[in-house]
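**Q** what shape does this take:
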Amino acid sequence: MIEGACHFVVFGATGNLASNKLLPALYHLEQAERLPDDLTFFAFARRDWNNDAWNAHMREVLEKKIRHFDEGVFTRFAARFSYIRGDLNDPDSYRTLAYQLGQTEVTKPSNTIFYLAIKPTEFSEVIRNLGAVGLSKEKGNHRIVIEKPFGDDLESALLLNERLHQYFNEDQIYRIDHYMGKETVQNLVVFRFANLMIEPLWNRNFIDHVQITVAEEIGIEGRADYYDKAGALRDMLQNHLMQLLTLVAMEPPPALEADAIRDEKVKVLRSIRPISRRAIHAHAFRAQYGPGYIHGVPVPGYQDEPGVERHSVTETYVSAKLYIDNWRWRGVPFYLRTGKRMAKQVSGIALRFRHPPQQLFRETPIEDIDPNWILLSIQPTETIKAELQVRLPGLEMRTRTAQLNASYRASDEAPLDAYEALLLDVIEGDRTLFIRFDEVEWAWRVVDPILKYWAQERDFIHSYPAGTWGSDESCRLFDSEDQTWRNEF
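**A** Below is the predicted model of the structure:
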């Protein structure tokens, strides 16, 4: 826990990220009385506003986004804020910020958070300007929060990290991936390592394959200027899905400490089998959504979205097959997929067990028996389930699949938003759920060969109708005919 009054500066305070994620999460923390009394916020944006105009904007945003708007909570929350009009590229704006921070305490600020809710292309300039006015590692206990993506390939990630380390020490840098704050993701560590019946089965001797899915119903939501340059591989798979993979596959850490857990995650990433250029087709697949229907409502195809380049081959769906060449997982395929305009909004992890070594039922009506599964649903529900085969009542030997549901939330317990958990950790100085740079680097090393190969293939991309589970062509990644995508968790 970091002592002292805390200042929280939001760069890009009027942008989509701040409006959709950051402000609602901070409001809910205020509502739950989890924010320290001496925490103050500074909203940094270029609009020519004063504090009253900012408060009016914040009220409008929160009334649309939060679960239960409370006038008393909002009054208390808004009183923490000061608005600073500034340009991210203007050094004078940072001098004004430094002055404002200094005016709020008798001494120089000693506990300040800089949250970069801005475009990745603007990171470097903000970092440099903060360093130029002494708001970095030279003075005080400053922390900087960086949203993904951390670079757009390996080379740019290394350059961004070099720029960060010019002005901030590694223990001041909080690389945030909001999937790490989701409760099912955090529960995965407990599920694996606190249950003796689970951990002995969690290896290549019992697991046939692992699937990790993050499917979205939404399109690009007006973000063509970013998404058409990024695509699903950079936007989702390189960070969210790779982080989930490390938690599924890592060895037990010696302690529940930030660096101990990160060390084990990096070992997983370093053990992923490199994908050679000639093997890209067998290990990765991309596609782009066309026109279709979501809940019966027609939606445009990706190339008809405002701002998308004509004949763009940016992928909105990507799937990949990875192998982890270590003692626990060698030979077990990990199938990752993510996409926009899919049939259902769902995220989850599925582990399919191998078939029993002896087929006892070959001369009965259940000669082909379904395998066992462990299912970890991340959204829209947060549950852990196991699927087992049980005999149907009756005269014949028939089976059905029964689910054991290990739901850990009571019906009257509200879910905790991932951003709420992570923001509280930033304020308290807990880095356990944040990403160390060597995790970023090794994740880029895995996907970089795919990016470079696709960058040269600019003439064709598979398509799938919006509102479906993607192109059937993605099934070519499976190692055997009895492996199929799991759509329910």
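
**Q** what about residue 317, neighbour count?
**A** Counted with other C-beta atoms under 10 Å, residues neighbouring residue 317 total 29. For glycine as for every other residue, the C-beta is placed from the backbone atoms N, C-alpha and C.

**Q** run through the bridge partners of it.
**A** Beta-bridge pairing of residue 317 under DSSP bridges involves residue 287, residue 339.

**Q** could you report the separation of it from residue 228?
**A** Counting by C-beta to C-beta, to the nearest Å, the gap from residue 317 to residue 228 is 15 Å.

**Q** just the CA coordinates for the strand or helix carrying residue 174, please, in CSV.
**A** Assignment of secondary structure by DSSP states H and E places residue 174 within strand 173-176. These are the backbone C-alpha positions of strand 173-176, laid out as CSV (Å, rounded to 0.1, in the frame of the first residue of the first chain):
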residue,chain,number,x,y,z
ILE,A,173,4.9,1.2,-15.1
TYR,A,174,1.5,-0.4,-15.0
ARG,A,175,0.6,-2.1,-18.3
ILE,A,176,-3.1,-2.8,-18.0
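
**Q** packing partners of it?
**A** Using 3 or more C-beta pairs under 8 Å, 6 or more residues apart in numbering; DSSP states H and E as the contact definition, the elements that strand 173-176 packs against are strand 141-147, helix 418-428, helix 437-456.

**Q** which is the next helix or strand following the last one?
**A** Taking DSSP H and E as the definition, the helix or strand that follows helix 437-456 towards the C-terminus is strand 462-465.

**Q** quick one: strands adjacent to that following strand?
**A** As defined by DSSP bridges, the strand partners of strand 462-465 come to strand 284-290 (parallel).

**Q** export the partner strand as CSV, just CAs?
**A** This file holds the C-alpha atoms of strand 284-290, laid out as CSV (Å, rounded to 0.1, in the frame of the first residue of the first chain):
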residue,chain,number,x,y,z
ALA,A,284,-3.3,-19.3,-38.2
PHE,A,285,-6.4,-18.2,-40.0
ARG,A,286,-8.0,-14.8,-40.6
ALA,A,287,-11.3,-13.6,-41.9
GLN,A,288,-13.5,-10.4,-42.1
TYR,A,289,-17.2,-10.0,-41.4
GLY,A,290,-19.5,-9.2,-44.2
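
**Q** please compute how far whichever helix or strand comes after it lies from its chain's middle.
**A** Next helix or strand after strand 284-290 toward the C-terminus (DSSP H and E): strand 292-294. How far strand 292-294 lies from its chain's middle: 25 Å, per C-alpha atoms, centre = their mean, to the nearest Å.

**Q** what does strand 292-294 rub up against?
**A** Under the criterion C-beta atoms under 8 Å, 6 or more residues apart in numbering, residues 217, 298, 299, 301, 341, 465, 466, 467, 468 lie in contact with strand 292-294.

**Q** what about 10 Å?
**A** Contacts made with strand 292-294 from outside it, assessed by C-beta atoms under 10 Å, 6 or more residues apart in numbering, are listed as 217-219, 298-301, 341-345, 464-468.

**Q** and the buried ones among the residues you listed, selectable in ChimeraX?
**A** Selecting just the buried residues from those in ChimeraX takes one command, with 16 or more other C-beta atoms under 10 Å as the test:
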select :217,219,299,300,301,341,342,343,464,465,466,467,468
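
**Q** buried set for stretch 330-338?
**A** 332, 333, 334, 335, 336, 337, 338.

**Q** same thing with stretch 232-246?
**A** Using 16+ other C-beta under 10 Å as the burial criterion, the residues of stretch 232-246 that qualify are 232-246.

**Q** select from those every entry located in helices.
**A** Assigned to helices by DSSP state H, the following of those qualify: 232, 242, 243, 244, 245, 246.

**Q** tell me where the model's unsure across the stretch 301-450 of the chain.
**A** 358-368, 395, 397, 408-416 (pLDDT under 70).

**Q** and the strands in it, which stretches?
**A** Here the stretch 301-450 of the chain has its strands, by DSSP state E, counting those that start in this stretch, at 317-323, 333-339, 346-353, 373-379, 383-391, 399-405.

**Q** okay if I get those as a markdown table plus distance to residue 310?
**A** Output for the strands of the stretch 301-450 of the chain, formatted as a markdown table (distance: least, C-beta to C-beta, whole Å):
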| stretch | distance to residue 310 |
| --- | --- |
| strand 317-323 | 20 |
| strand 333-339 | 22 |
| strand 346-353 | 32 |
| strand 373-379 | 34 |
| strand 383-391 | 43 |
| strand 399-405 | 47 |
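
**Q** out of those strands, which gets nearest to residue 82?
**A** Among the strands of the stretch 301-450 of the chain, the nearest to residue 82 by C-beta to C-beta is strand 373-379 (34.7 Å).

**Q** strand partners of that closest one, parallel vs antiparallel please.
**A** For strand 373-379, pairing defined by DSSP bridges yields strand 346-353 (antiparallel), strand 383-391 (antiparallel).

**Q** what's the angle from it to helix 418-428?
**A** Between the axes of strand 373-379 and helix 418-428, defined by axes from the mean of the first three to the mean of the last three C-alpha atoms, to 10 degrees, the angle is 70 degrees.

**Q** quick one, strand 373-379 and strand 399-405 angle?
**A** Orientation of strand 373-379 against strand 399-405 (the same axes, to 10 degrees) gives an angle of 50 degrees.

**Q** got the CA positions of strand 373-379 in PDB?
**A** Taking C-alpha atoms only, strand 373-379 is exported to PDB below (Å, rounded to 0.1, in the frame of the first residue of the first chain):
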ATOM      1  CA  TRP A 373     -14.800 -31.000 -20.400                       C
ATOM      2  CA  ILE A 374     -13.900 -28.300 -17.900                       C
ATOM      3  CA  LEU A 375     -15.500 -24.900 -18.900                       C
ATOM      4  CA  LEU A 376     -14.500 -21.600 -17.500                       C
ATOM      5  CA  SER A 377     -16.900 -18.900 -18.600                       C
ATOM      6  CA  ILE A 378     -15.600 -15.300 -18.400                       C
ATOM      7  CA  GLN A 379     -18.500 -13.500 -19.900                       C
END
